[in-house]
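K.L.:
turn this into a structure:
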Amino acid sequence: MNYRFITIEGNIGAGKTTLAHMLAQHFNAKLILEEFADNPFLPKFYEKPQQYAFPLELFFMAERYKQLKDMLQTQDMFSSLVISDYLFVKSLLFAKINLLEEEYNLYQKLFDIINPQLVQPDLLIFLNAPVTQLQANIKKRNRSYEQQIEDDYLLRVHNMYTQYLKQHPVRTLMIDTTKINFLANPADFQRILDALEQDYEVGINYL
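P.N.:
This next block holds a predicted model:
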């Protein structure tokens, strides 16, 4: 496999962390996981979104930057596979949804300073899941603060990702999670492993 840094993305509840764990275990790769549980503003945001959106997104961006900076910009990353369950630009995408216009403009200025300093992934795996499946997964993993997430919010997140991938071509492997059940079906997981042996053009490539 020619990819040294693979990032997995998708909507809330799409299965990013699950797939990241499975791939990291298979390849004995370095694993970078979103540390969402450390964000003290997350439960407060779901209760009072407008009040806590800005500190929430600032905290996420700072933590993601520190994590990626510490773990990726080291010499051994070029000799070992790294797998992450988030793309740094998700900071900007969620900020676009959650922040007021004035807050977003400030946030974007900070993002534009930070983003060029980070290594970008060789391949993005995007898990494309319908809202009904997302809600089922959210309910199943039973994080109390997520249980009130509305369908409309998940649709806005989906549309934001879709718009980004169209406007900013990234080498992407798109996986339809209604057809590929990598957790329950070993053959489906093997399909993903086989797909990672292929070289892809920049843009969206479908499994």
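K.L.:
any idea of the mean pLDDT for the biggest helix by length in the chain?
P.N.:
The residue-count maximum for a helix in the chain (DSSP state H) belongs to helix 49-72. For helix 49-72, mean pLDDT rounds to 88.
K.L.:
with stretch 142-158 instead?
P.N.:
Mean predicted confidence for stretch 142-158 is 86.
K.L.:
and the contacts of that stretch?
P.N.:
For stretch 142-158, the external contacting residues (CB atoms under 8 Å, 6 or more residues apart in numbering) are 11-13, 42-43, 46-47, 93-94, 97, 131, 134-135, 138-139. Glycine gets a C-beta too; all of them are placed from N, C-alpha and C.
K.L.:
pull the helix or strand with minimum mean pLDDT from this protein.
P.N.:
One helix or strand of the chain scores below all others by mean pLDDT, DSSP states H and E: helix 42-47, with a mean of 83.
K.L.:
relative to residue 41, how far out is the residue sitting furthest away from the middle of the chain?
P.N.:
In the chain, the residue that sits farthest from the middle, by CA atoms, centre = their mean, is residue 102; the gap is 25.0 Å. Computed with CB to CB, to the nearest Å, the distance linking residue 102 and residue 41 is 19 Å.
K.L.:
one more: residue 65?
P.N.:
17 Å.
K.L.:
and residue 175, that one's in a strand?
P.N.:
Yes: the assignment for residue 175 by DSSP: H, G, I helix; E, B strand; the rest coil puts it in a strand.
K.L.:
so where's this structure shaky on pLDDT?
P.N.:
36-37, 72-79, 145 (pLDDT under 70).
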